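Undergrad: sharing a sequence plus its predicted fold:
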Amino acid sequence: MAFTVSRRTRELGIRIALGAEPSALLRLVLGRSVLMAVAGVVAGLAAGLGTALLLRTMFHGVQILDPLVLATVSALVVGVLLLASYIPARRAMRIDPLEALRVE
């Protein structure tokens, strides 16, 4: 997310110059992070469940489709991603429009 925010510095600076609230920029960056996290969790769950079903003969005495574990790990992944993207989102809120337009 830090790379994405640095690449979009000019766009974010223009948004601030046109009157966007800093909280709107925070929601924009965090919303993009949540979207990526949900897509990753869905893809990971699908791949994991598919693999577990293929290998279920090897799992003797183990419940392969434990919803509590799957929900906990999914929530942990989304939480870590939100924490990791909060710092770039806060940096996006503080972009100076004049400096952003001079970047390139």
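TA: Perfect, I can see it now.
Undergrad: average model confidence for the longest helix anywhere in the chain?
TA: Among the segments of the chain that qualify as a helix by DSSP state H, the longest is helix 22-54. Predicted confidence along helix 22-54 averages 88 (mean pLDDT).
Undergrad: so which elements touch that helix?
TA: Using 3 or more Cβ pairs under 8 Å, 6 or more residues apart in numbering; DSSP states H and E as the contact criterion, the elements in contact with helix 22-54 are helix 2-7, helix 9-17, helix 67-93. No exception for glycine: its C-beta is placed from N, CA and C like everyone else's.
Undergrad: out of the ones you listed, which comes closest to Ala39?
TA: Within the helices and strands packed on helix 22-54, the stretch nearest Ala39 is helix 67-93; the backing value is 10.9 Å (Cβ to Cβ).
Undergrad: most packed of the helices and strands packed on helix 22-54?
TA: Counting by mean count of other Cβ atoms under 10 Å, helix 9-17 has the highest mean neighbour count of those, with a mean of 17.
Undergrad: contacts for it?
TA: Contacts with helix 9-17, where a contact means Cβ atoms under 8 Å, 6 or more residues apart in numbering, come from 5, 22, 24-25, 92, 95-101, 103-104.
Undergrad: of the residues you listed, buried ones?
TA: Applying a neighbour-count criterion of 16 or more other Cβ atoms under 10 Å, the buried members of the contacts of helix 9-17 are Val5, Leu25, Ala92, Ile95, Pro97, Ala100.
Undergrad: identify the farthest-apart pair in those.
TA: That would be Val5 and Pro97, which, of these, are the farthest apart (Cβ to Cβ) at 15.1 Å.
Undergrad: which non-adjacent residue is nearest the spatially most central residue of the chain?
TA: In the chain, the residue lying closest to the centroid (Cα atoms, centre = their mean) is Ser33, at 2.5 Å. Leaving aside its chain neighbours, Ser33 sits nearest to Ser85 (3.8 Å; criterion: Cβ to Cβ, 6 or more residues apart in numbering).
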